[in-house]
Structure formats: structure tokens, C-alpha cells
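Q: Sequence below, structure please.
(one chain, ligands or ions: 1)
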Amino acid sequence: MTGHPNLPNIAYLGLGSNVGDRESNLLQAVRMLAERDEIAVVSVSKIYETDPVGYVEQPAFLNMACRIGTSLPPASLLQAVLDVERKLGRVRTVRWGPRTIDIDILLYNELKLDTPELTLPHPRLTERPFVLVPLRDVMPDMESRFPVKVDHNDGGNGVRVWTTTTFKPEEFGHSENSKDTPKAD
Ligand code: GSY
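A: I've put the predicted structure just below:
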């Protein structure tokens, strides 16, 4: 259920940033996606600060997730997220290394897809607390759909709620989590 009859497909996106103004990078990316006619941002997660996974000698990330309604098929949605990454100046220097913005399509309806460009569900979805914890905010049935155990303690698995004064989930429309978003003041 998206509440957007012309944007019938439901997709979940994971976003991460560990270069520059990380929070601003995330929020700009969500805004740029929401500006497109073919995409409605239906729900956004809290923002989390997360220890780097993979290549660990890099700054901590901020991660979040969102649920979108879209009329774009998967390949076009991928182009849309790559376009946002490009516009926000993402430069790929080190593989698995620091990045201004990273946007992954995690799920698209119930679709299973394996092409050179895109694998759905995202192949490392169930291994990554920095993906699963934000995803749970916007996907209430996540734990029944995926047999994963997510640490519910703040700070567990290297994932901590990020306290922010500028992030207003309601800016992006309906959000189930706006009442839970921590505020510094
Ligand atoms: O795949 C996303 C980029 N990435 C991240 C990330 O977003 N968060 C954390 N905590 N570690 C990561 N390692 C990589 S690569």
C-alpha cells in the first residue's frame, strides 16, 4: 500500500554517506528523489550512525532507508538513483571506500532479479545491520519476510540512532516514524 495509485510499485532504498556533511548528503538525496514525478517518498527511517563494514579504515557512516512508490521499472529506478549519486558528486576512489552518497535499491515489490546491473533483493541485504536496522523502521514486516535477527539495542551491531535537529521526516510526506525521531532540543 503506497497511497499513490499512479505509482504502484513499492521499493525500498538504503542510503549511506561518510564524506562531507553526511546528514545533508542523505537529505538532499531523498529530496532529489522525491522531486521526481515518478517517485513518491512514502516513509523515511530514522538516521543512524554506523561503524564502517568491509573496508574498516574509513570514517563512520550515516545510514537511512526509505520506502517509495514508483512508476519506474527497476532498470529506470536504478538510473534515477545513479543520477542522484552523480549530481551529489559521488566519486568512486576506493572500492568499498568512502563515499559522498550511496543509494542501493534493496527491494522492488516481490521481484527477484539478477542482471549485471542490478540484483534484487539486494544480495547483501540480510548481512548488514546498517541496512536492516533502518529498513525495519519503514518495513514493519521485515523480520517476518527475512529470517534475520536484528539487534534492537541502540549501539548494537555498531548501529546507533543519530540525533538531529534538522531532519524532519514529515517533510517527505507521510512517515510512520516521525513521532519517534529524536530531536536534540
Ligand atoms: O554499501 C554501502 C556502503 N558501505 C557502508 C555503509 O553504507 N555503511 C556502513 N556502516 N559500512 C559500509 N560499508 C560500505 S561499502
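
Q: Of all residues in the protein, which one is closest to the ligand?
A: With CB to the nearest ligand atom, the shortest gap between the chain and the ligand falls at residue 16, namely 2.6 Å. C-beta here means a position set from N, CA and C on the backbone, and glycine is covered the same way.

Q: Please spell out which residues along the helix or strand bottoming out on mean pLDDT in the chain are buried.
A: None of the helices or strands of the chain scores lower by mean pLDDT, DSSP states H and E than helix 142-145, at a mean of 88. Within helix 142-145, the residues that qualify as buried are residue 142, counting by 16 or more other CB atoms under 10 Å.

Q: Near the ligand, which residues of this protein are found?
A: 16, 50-54, 61, 63, 96, 102, 130 (CB under 6 Å from any ligand atom).

Q: are any of those residues buried, and which?
A: Using 16+ other CB under 10 Å as the burial test, those include 16, 50, 52-53, 61, 63, 102, 130 as buried.

Q: which residues touch residue 150?
A: Remark: with contacts taken as CB atoms under 8 Å, 6 or more residues apart in numbering, residue 150 is in contact with 129, 132-133, 136, 143, 157.

Q: brain fart, residue 17
A: Residue 17 neighbours (CB under 8 Å, 6+ apart): 23, 25-26, 61-62, 99-102.

Q: ok so, going back, which of the buried ones among the residues of the chain next to the ligand fall in strands?
A: Members of these lying in strands (criterion: DSSP state E): 16, 50, 61, 63, 102.

Q: tell me the two of the residues you listed that are most distant?
A: Distances among these were taken as CB to CB; the most separated pair is 50 and 102, at 12.0 Å.

Q: and for these two, which residues touch both?
A: Each of residue 16 lies in contact with both residue 50 and residue 102 under the rule CB under 8 Å, 6+ apart.

Q: Look at the closest residue to residue 126 other than its chain neighbours and say how many residues are nearby.
A: Nearest-residue entry for residue 126: residue 148, 4.9 Å, with adjacent residues in sequence omitted and distances by CB to CB, 6 or more residues apart in numbering. Residues near residue 148, counting by other CB atoms under 10 Å, number 15.

Q: What of the one 3 residues further on?
A: A count of neighbours around residue 151, defined by other CB under 10 Å, yields 13.

Q: With residue 28 instead?
A: 17.

Q: ok, it touching residue 88?
A: Yes: if you go by CB atoms under 8 Å, residue 28 and residue 88 touch, sitting 6.2 Å apart.

Q: Show me whatever sits in contact with both of the two.
A: Contacts common to residue 28 and residue 88, judged by CB under 8 Å, 6+ apart, are residue 101.
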